[in-house]
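Trainee: I'll drop the sequence and a predicted model, then ask my questions.
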Amino acid sequence: MRFWDINVGRPGKIHDVRVFSLSSLYERGSAGTLLPHWTEMFEGVDVPVFLLGDSAYLLLTWLMKAYPEGGARAFGCLKGRWCCLLKENETHIIFVSRIVSACCVLHHFCEIQKEEFLEGETVAEEEGSVHDEQGHAQQQHDIRNALCSYFTTI
């Protein structure tokens, strides 16, 4: 429910997945230069190093996402907590990225302090549009299921 890295450089109303697909992070992940090539065995499945992403994204060889039915999402909570992110921002354009960044930092602080946030306050998000890398969907589902099985037994 926290953000480790933010990028507020895209103007206008662009879905999170579109911003992600246009980022250098996505380029490096797709090119195979983002993460080390290393695996560990979990429940009989080779599990590579990967990033954890919001459930709006598709499974990629280097990006694991939550199960679709998983509860609240960080972006939904962020938007629910800071309603100024839900509407057109009438502030001068030079301040918009600062406002969004401040909302992310404050959200992070609220999460660290375990500030109560009712799940009903989250905002629904569109489904992602980053395309799954062909032939890897089943492998990613197997990896996610193996990790889930492993961590529920320890």
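Mentor: Now that the structure is in, tell me what you want to look at.

Trainee: quick one, longest helix in this structure?
Mentor: helix 93-112 (DSSP state H).

Trainee: that one: what's the following helix or strand?
Mentor: Using DSSP states H and E, the helix or strand that follows helix 93-112 in sequence is helix 137-153.

Trainee: next, the buried residues of that following helix.
Mentor: Residues 140, 143-144, 146-147 are the ones in helix 137-153 that count as buried (16 or more other C-beta atoms under 10 Å). (Glycine included, C-beta is placed from N, CA and C.)

Trainee: can you list those residues in a markdown table and add pLDDT?
Mentor: Shown next, in a markdown table, are the buried residues of helix 137-153 (pLDDT from 0 to 100):
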| residue | pLDDT |
| --- | --- |
| Gln140 | 84 |
| Ile143 | 88 |
| Arg144 | 84 |
| Ala146 | 87 |
| Leu147 | 85 |
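
Trainee: of the residues you listed, which is the nearest to Leu60?
Mentor: If you rank these by distance to Leu60 using C-beta to C-beta, Gln140 comes first, at 7.1 Å.

Trainee: contacts for the longest helix of the chain, please.
Mentor: Applying C-beta atoms under 8 Å, 6 or more residues apart in numbering, the external contacts of helix 93-112 come out as 1-3, 6, 8-9, 11, 74, 77-78, 81-82, 84-85, 89, 91, 117.

Trainee: would you mind giving me the ChimeraX syntax to select the buried ones in those residues?
Mentor: To isolate the buried ones among the contacts of helix 93-112 in ChimeraX, judged by 16+ other C-beta under 10 Å, type:
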select :74,77,78,81,82,85,117
